[in-house]
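> Kindly generate the corresponding structure for this input.
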Amino acid sequence: MKLLVITVLLMCSSLNAGAKQLNKLWYAQPASLWEEALPLGNGRLGAMVYGDPVNDNIQLNENTFWAGGPHNNLNPAALESLAEIRRLITAGDYLAAEALAAKHITSQGSNGMPYQTAGNLHLEFPTHKEYRNYYRELDIANAVATTRYQVNDVVYTREVFSSFVDQVVVVKLSASKAGQLNFSARLSHPSQPIFSQQDAGTVAMQVQSNDHEGIKGQVKLASLLNVSSSGGSLIQRDNRILVSDADSAVILISMATNFVNYKDISANALLRAQDYLAKAKQQMNNQQYSARKAAHSNFYKQYFDRVTLNLGKGEFAHEPTDQRIRLFAGRHDPELASLYFQFGRYLLISSSQPGGQPANLQGLWNHRQDPPWDSKYTLNINAEMNYWPAEVTQLSELHEPLITMVKELAITGRESAKTMYGARGWMAHHNTDIWRVTGGIDSTWGAWPTSNAWLSQHLWEKYLYSGDKKYLADVYPVMKSAVTFFEDFLIESPDKKWLIVSPSMSPENAPKLTGTKIAAGVTMDNQLLFDLFSNIIAAATILGEDKNRIPVWKKLLSRLPPMQIGKYHQLQEWLHDWDDPQDKHRHVSHLYGLYPSNQISPLRSPELFSAARVSMEQRGDPSTGWSMNWKINLWARLLDGDRAFKLMRDQIKPALTPDGSVSESGGTYPNMFDAHPPFQIDGNFGFTSGMAEMLAQSHDGAVHLLPALPQEPPTGAVTGLVMRGGFLVDMRWENGQIRELKIHSRLGGNLRLRTYSPLPKVQSFKAKSARGENPNPFYQQAQIKKPLKNTNKVLPQLSLENSYLVDVATKAGQDYIWIEKR
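Predicted coordinates:
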């Protein structure tokens, strides 16, 4: 027993020592653009720190400050036109069908409301123009941004964080010599703010959100600027707070709105902001700044420290981050890839906290009144991609805001199902906002009715990682209601008598043959519904619910179209073989079945696996933002680590050209934000999930370790990745071979491991060669239909016959260790 304990301790020490990285972004100059500023957030309050010594700007966000107010954006004309749209599609008159859908399905009013900036905090230091020894950093291990520089013989330091524990943005200003701190602070907003003095050290700014597309702006935002100084004097003049001859100062920014939920805006914004500020000031009294900063970082670290990653040492960690991004493609800098992975986790922790709003198209951060695509929730890839890292990188609690949004959409989506399609259940189209609108938007892009199926997949996947039946029972009605919609909405295809979704589209692509997006029975819809019906059958069986409905659902599932292999040997994107091998469209929707779903497998569907690879080759690598990072995940699922890492190199390239303009080829902004362009946060999250997929997968009947490890870097360590069935993976590898492995079993049950080389010696338990199906219920695989082939060519298939497969019977709460003899 003592030997086992010593072995465990030595292994943990080895893994943790190998995983330590310098988790900091740093720069030798202030930010001049928003995409160079450093993001901070506590899930509710966002801040972008520029770090200018003379005229600093901290741009602010509050995640419920959106234009408009409670409403839905349904087009009731859809119901009377549905049969005609379907007739036109069946007749092949796609142009007429799309024109009618754009008028009668897409909203003719609101297309959703924009997320809006909360304004700016300005810090002015007029005597600091002659500065030197400048340094600016974002410490993502502690969620604190620091700016430091020297004027004459005085060193000035600014620390900023968005406090998780005190619910305010905190700024600490200090000077290395007493009495040398002189500055002014003020708030601003691009609308018409109203200012008032609260007390000698506090200024209030109140604004109202914009009207938009006929919906009156009804969200009220109250922001409070509070300054306290140590030494010197403090006065208030013209809505500014001026500090003179101080040793240090602490600034607190409290923000709140009248938003309660998507249908209730009855709160008092100013009273809320005052309450947050009063509590924070009480905590900050008696020189408690250091303690409160530590409390903030400790709260954050309870999430961040769960996962570590080390891909090996490079020579460039001492260089500024913007320089490393600029040079990454041409040299070996594995630490920057590790930092990029962890930066994605940092952004999710900072933008998505339980009880708050989900991360939107820009997460939490937006400096505009009219951001690109309104910074809403795009439901045909982007909102889902934001949460791909949540379970696998051990941030499961942060999935809750998305889960809550799905529950809310299941309420508002009953209106769209009934009013627009005469159906029961719930549905939504390809976009929503804080008001949980469910109508179609954006003209010809509007007629996609299957976001409910994709969102329901998140409900089910969360259960597969946690095994929490109470949670499953809670979300089961939402999944069932989505199924109910399709019970009413599916129609027979005229030739094969399959049940298909019509009208729809393969987001957001238009086949060359028809020149229009609108279609019926597209591959992605078929895959989404395969998952939805398979999952509801499994969930009902687990919970003992709806025994009389299960046969009905199985019958409907059996009538869905199979996947098809087209004449170019590709996975068909549409029901008909319309694919163009020269199509380079950014969306790869038909590959949903490969990732994030698990329907396409080298073991269970090798022909489809080969066809999916052909589709990926035909689409090509060049892409931007979320599309680039979806492809990283797809190549990882295709078990091609070198191709996935090649796309990582393409992603970590400068998005800004030398003249300061934005490259149309995307890449990464200096502050490590993903460039679609413009900035969309989904690419950051997709990179993080893609790295995790390269290191460990659990979708295909086993925990597959190092399934897509690239040749570069061949050595590394990771701790804390979560697999389905509640298995936690810590491992260290050298030259592609696992040298140390620890699996913690949260739920117990059979652990099946797949590796490309033998594992080290087991410690105090038995492992046996695996055969047959994995008996662990979290690894049961739904059986897809045999694909239809529209080609006679036989493609080469990837074989995993030479991989190693072992089973271990685990008990909940126990660790299982493999370690190489030394």
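> Contact partners for the residue most central in space within the chain?
Centroid-nearest residue in the chain: residue 386, 1.6 Å away (criterion: Cα atoms, centre = their mean). For residue 386, the contact set (Cβ atoms under 8 Å, 6 or more residues apart in numbering) comprises 348, 352, 358, 359, 363, 402, 681, 682, 685. The C-beta positions use only the backbone N, C-alpha and C, and glycine is treated the same way.
> out of everything not next to it in sequence, what's closest to it?
Nearest residue to residue 386 in three dimensions, chain neighbours excluded: residue 359, at 4.7 Å (Cβ to Cβ, 6 or more residues apart in numbering).
> for residue 696, which residues make a bridge with it?
Note on residue 696: beta-bridge partners residue 705, judged by DSSP bridges.
> thinking the residue nearest to residue 386 is in contact with residue 405, fair?
No. Counting by Cβ atoms under 8 Å, residue 405 is not a contact partner of residue 359; they are 10.4 Å apart.
> What about residue 385, how many residues nearby?
22 (other Cβ atoms under 10 Å).
> got it, and residue 494?
The tally of other residues near residue 494 (other Cβ under 10 Å) stands at 11.
> now residue 382
Neighbour count for residue 382, taken as other Cβ under 10 Å: 25.
> distance of it from residue 821?
Using Cβ to Cβ, to the nearest Å, residue 382 is found at 48 Å from residue 821.
> same deal with residue 173?
Residue 173 sits 56 Å away from residue 821, taking Cβ to Cβ as the criterion.
> Compare residue 359 and residue 405 and say which one has the larger neighbour count.
residue 359 (31 against 20).
> Give me the contacts around the host helix or strand of residue 274.
Residue 274 belongs to helix 269-284 when assigned by DSSP states H and E. With contact meaning Cβ under 8 Å, 6+ apart, helix 269-284 is reached by 163, 165-168, 170, 198, 202, 204, 206, 220-224, 226, 228, 250, 252, 254-258, 292.
> avg pLDDT for that helix?
Per-residue pLDDT values across helix 269-284 average out to 96.
> Check the offset of that helix from the chain's centre.
For helix 269-284, the distance from its own C-alpha centre to the chain's C-alpha centre is 30 Å (Cα atoms, centre = their mean, to the nearest Å).
> ditto for stretch 680-696
That offset, for stretch 680-696, works out to 9 Å (Cα atoms, centre = their mean).
> and if you look at stretch 238-255?
Worked out by Cα atoms, centre = their mean, stretch 238-255 lies 35 Å from the chain centre.
> again with stretch 577-585
Centroid separation between stretch 577-585 and its chain, computed with Cα atoms, centre = their mean, is 28 Å.
> Extract the C-alpha set from it and format it as PDB.
This file holds the C-alpha atoms of stretch 577-585, laid out as PDB (Å, rounded to 0.1, in the frame of the first residue of the first chain):
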ATOM      1  CA  ASP A 577     -25.900  14.100 -55.600                       C
ATOM      2  CA  TRP A 578     -25.400  17.900 -56.100                       C
ATOM      3  CA  ASP A 579     -21.900  18.300 -54.700                       C
ATOM      4  CA  ASP A 580     -19.300  20.200 -56.600                       C
ATOM      5  CA  PRO A 581     -15.700  19.000 -55.800                       C
ATOM      6  CA  GLN A 582     -14.600  22.700 -56.400                       C
ATOM      7  CA  ASP A 583     -16.900  24.000 -53.700                       C
ATOM      8  CA  LYS A 584     -14.800  25.700 -51.000                       C
ATOM      9  CA  HIS A 585     -17.700  27.000 -48.800                       C
END
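> Which positions in it come out as buried?
Buried residues in stretch 577-585, counting neighbours by 16 or more other Cβ atoms under 10 Å, are found at 577, 578, 579, 583, 585.
> neighbour count winner among residue 173 and residue 821?
Between residue 173 and residue 821, counted using other Cβ under 10 Å, the more crowded position is residue 173 (25 against 5).
> Which secondary structure state is assigned to the more buried one?
Under DSSP: H, G, I helix; E, B strand; the rest coil, residue 173 falls in the strand class.
> Could I get the contacting residues of it?
So residue 173 contacts 123, 156, 157, 158, 181, 183, 248, 249, 250, 251 (Cβ under 8 Å, 6+ apart).
> Apply 6 Å and report the result again.
158, 249 (Cβ atoms under 6 Å, 6 or more residues apart in numbering).
> Which parts of the stretch 301-450 of the chain are strands?
In the stretch 301-450 of the chain, the segments counted as strands under DSSP state E, counting those that start in this stretch are 308-310, 377-378, 431-432.
> Is it correct that residue 704 is in contact with residue 697?
Yes. Counting by Cβ atoms under 6 Å, residue 704 does reach residue 697; the two are 4.5 Å apart.
> Dump the helix holding residue 274 to CSV, restricted to CA.
Output of helix 269-284 as CSV, limited to C-alpha atoms (Å, rounded to 0.1, in the frame of the first residue of the first chain):
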residue,chain,number,x,y,z
ALA,A,269,-30.8,49.0,-12.6
LEU,A,270,-29.5,51.8,-10.3
LEU,A,271,-30.5,50.0,-7.1
ARG,A,272,-28.8,46.8,-8.4
ALA,A,273,-25.6,48.6,-9.2
GLN,A,274,-25.6,50.5,-5.9
ASP,A,275,-26.1,47.2,-4.1
TYR,A,276,-23.2,45.5,-5.9
LEU,A,277,-21.0,48.6,-5.2
ALA,A,278,-21.9,48.8,-1.5
LYS,A,279,-21.0,45.1,-0.9
ALA,A,280,-17.8,45.5,-2.8
LYS,A,281,-16.8,48.6,-1.0
GLN,A,282,-17.4,46.9,2.3
GLN,A,283,-15.2,44.0,1.3
MET,A,284,-12.5,46.4,0.1
